[in-house]
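Chemist: Take a look and give me a structure for this.
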Amino acid sequence: MGLGWVGSVSQVYQGLLQRDTELVMNVTGQEGDLLDVLVENMGRVNFGSKIHDNKGILGELILGRNVLTDWLIFPLDIDGAISSGWPHTVLQGSEGPGDGTGPTVYMGTLPPNGLAWDTYLKLTGWTKGQVWINGVNLGRYWPTRGPQQTLYVPGPLLSQSRPNNITVLELEAAPAHPRVLFMDRPQLNTTPGKP
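Modeler: Reported below is the predicted structural model:
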């Protein structure tokens with residue numbers, strides 16, 4: 001199992017599996033429902049007793065007494081899609097289950113103000129995911145797992161003359177009122193275990 005494994009049945013978010021915390025997930029559904037699984041590959045442990053860090057679905061998935069087979073597997077080129085203009089050229093608002101849980105793509109724009117200075121992006125209340133500005137991946141945010149609470153935004157990435165597209169892929173749970181903040185300095189959490 002990878003570090004992040006998200007399941008949904010007929011587009012209803014069922015839950016999340018993570019290394020070292022949740023290793024079994026029970027889901028419910030009806031005959032004919034579609035089970036979607038999103039596996040996030042986040043790198044590997046490269047030290048200590050967990051050096052053999054396997055990824056993906058490592059065993060059988062079972063429904064009742066039946067082993068689920070005939071999977072359709074799709075690699076997702078999210079960087080490629082976003083750098084080509086998706087979802088800003090197709091969608092308005094967000095694309096996902098609609099209740100703020102599970103994998104959802106959010107989008108917005110930052111109006112130009114004639115300035116393009118280095119800044120830092122803070123995602124208050126967001127859980128875990130990735131951010132792109134104008135099609136460029138800024139990186140992963142995961143405030144509960146590390147001291148980094150902001151993502152660096154290089155000034156040249158921001159347009160001074162046209163709206164700047166912001167795309168957020170939230171994998172777990174978005175805040176009730178999704179928004180991002182631009183700050184003038186980085187923010188680090190120096191208290192372990194607190195976002």
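Chemist: Q160 is in contact with L110, isn't it?
Modeler: No. Between Q160 and L110 there is no contact under Cβ atoms under 8 Å: 11.3 Å. The way it works is simple: take the backbone N, C-alpha and C, and place the C-beta from them, glycine included.
Chemist: out of the two, which sits in the busier spot?
Modeler: The residue with more neighbours, out of Q160 and L110, is L110; 18 against 11, by other Cβ atoms under 10 Å.
Chemist: That one bridge partners, please.
Modeler: Counting by DSSP bridges, L110 is bridged to N164.
Chemist: OK, contacts around it?
Modeler: Neighbouring residues of L110 by Cβ atoms under 8 Å, 6 or more residues apart in numbering: 133, 158, 163-164, 166, 182.
Chemist: Could you identify the most distant pair in those residues?
Modeler: For the contacts of L110, with distances taken as Cβ to Cβ, the pair at the greatest spread is P163 and F182 (14.1 Å).
Chemist: Quick check on the most centrally placed residue in the chain: phi, psi?
Modeler: Residue closest to the mean C-alpha point of the chain, counted by Cα atoms, centre = their mean, is G129 at 2.6 Å. Phi and psi for G129, reported as degrees, to the nearest 10, are phi 170, psi -160.
Chemist: Show the pLDDT at it.
Modeler: Listed pLDDT for G129 reads 93.
Chemist: And for L157?
Modeler: 95.
Chemist: Isn't V131 up against Y141?
Modeler: Yes. The pair V131 and Y141 qualifies as a contact (Cβ under 8 Å) at a distance of 6.4 Å.
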